[in-house]
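Undergrad: Build the 3D model from these lines:
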Amino acid sequence: MAPRENLFKTAIREGRPQIGLWLDMADALAAEIAGHAGFDWLVIDGEHGPNDLRSILAQLQALSSSTAEPVVRAPVGETWMIKQLLDIGARTLLIPMVDSAEQARELVRAVRYPPHGVRGVGAAVARASAFNTIPDYADTASDGICLLVQAESRAAIADLENIAAVNGVDGVFIGPADLAADMGFLGRMDAPEVQSVIEDAIATIVKAGKAAGILTFSEELNRRYLALGASYVAVGADVTEFSGALRSLRSRYRDGGGDPDLATRAGY
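TA: Below is the predicted model of the structure:
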């Protein structure tokens, strides 16, 4: 019995657009709610979200019945950390700050068992193998693992063709905010100079036969990137959506607006 197919990996290989959402609330219930919203992929953010191994595990468990693919973003691309994330059941990893093809090759080795890599062999006691109920897990694990690397610096853009050519890298994700900052446009990813680099990067990744991805909160830009061939695009984050919805709700009752007795009459 092999692990179930990684439908997200299949989709981006085929160039089918996948719409995603960032999960930064580090909360299993919030993740579960997002899992029922119809997104294709959901990023459990270990880099900027206040997550640790156990909170990531809880969110993976909460999403186990969702059709959305959980994508775990590691804080950094350390081999020991990747080993732990894989063992708790993450199978699609997003690794930040990948600046070179050599770094990308080391990440490929980190997600593969010997003799093709350096992943520690211990899945028999881990969630990844359904606690040893998938007897051929070690032989088939690589088929389901999807490795996405983030290019978000001038150094990464300079080596992008080589990064995208690394065998075992399934996709290259453009980090627009960090890239803009490294280019001298902090907080201005919409600057024409930055957008030109992003569009060229998407073309380079797609030309290499790899999946291109990105995250912005601009619908106009996201649709532009999809039209350019990006196949996995994240369009928002749970924190910003929740915060914006609450502010919008409160604003409708500001300055005497709304019915002050509504909550009482509704039984709250």
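Undergrad: Of all residues in this structure, which one is nearest the centre?
TA: Centroid check for the chain by CA atoms, centre = their mean gives residue 43 as the closest residue, at 3.9 Å.
Undergrad: Wait, a strand at residue 149?
TA: Yes - applying DSSP: H, G, I helix; E, B strand; the rest coil, one finds residue 149 inside a strand.
Undergrad: hang on, it packs against residue 95?
TA: Yes - between residue 149 and residue 95 there is a contact under CB atoms under 8 Å: 5.3 Å. No exception for glycine: its C-beta is placed from N, CA and C like everyone else's.
Undergrad: list the residues that contact both of these two?
TA: residue 107 (CB atoms under 8 Å, 6 or more residues apart in numbering).
Undergrad: What are the phi and psi values at the residue nearest to the centre of the chain?
TA: phi -90, psi 110 (degrees, to the nearest 10).
Undergrad: what pairs with it across the strands?
TA: residue 22, residue 71 (DSSP bridges).
Undergrad: which residues are in contact with the helix or strand harbouring residue 102?
TA: Assignment of secondary structure by DSSP states H and E places residue 102 within helix 101-110. Helix 101-110 is contacted from outside by 77, 79, 82-83, 95, 98, 116-119, 147, 149, 159, 162-163, 165-169, using CB under 8 Å, 6+ apart.
Undergrad: looking only at pLDDT, what's the mean for that helix?
TA: Averaging pLDDT along helix 101-110 gives 98.
Undergrad: And that helix, what's buried?
TA: Within helix 101-110, the residues that count as buried by 16 or more other CB atoms under 10 Å are 101, 103, 104, 105, 106, 107, 108, 110.
Undergrad: Could you do stretch 167-186 as well?
TA: For stretch 167-186, by 16+ other CB under 10 Å, it's 168-183, 185.
Undergrad: Now intersect these with the strands, please.
TA: Under the assignment DSSP state E, these contribute 171, 172, 173, 174 to strands.
Undergrad: For the first one, give me its contacts.
TA: The one in question is residue 171. 12, 146, 147, 148, 149, 205, 210, 211, 212, 213, 231, 232.
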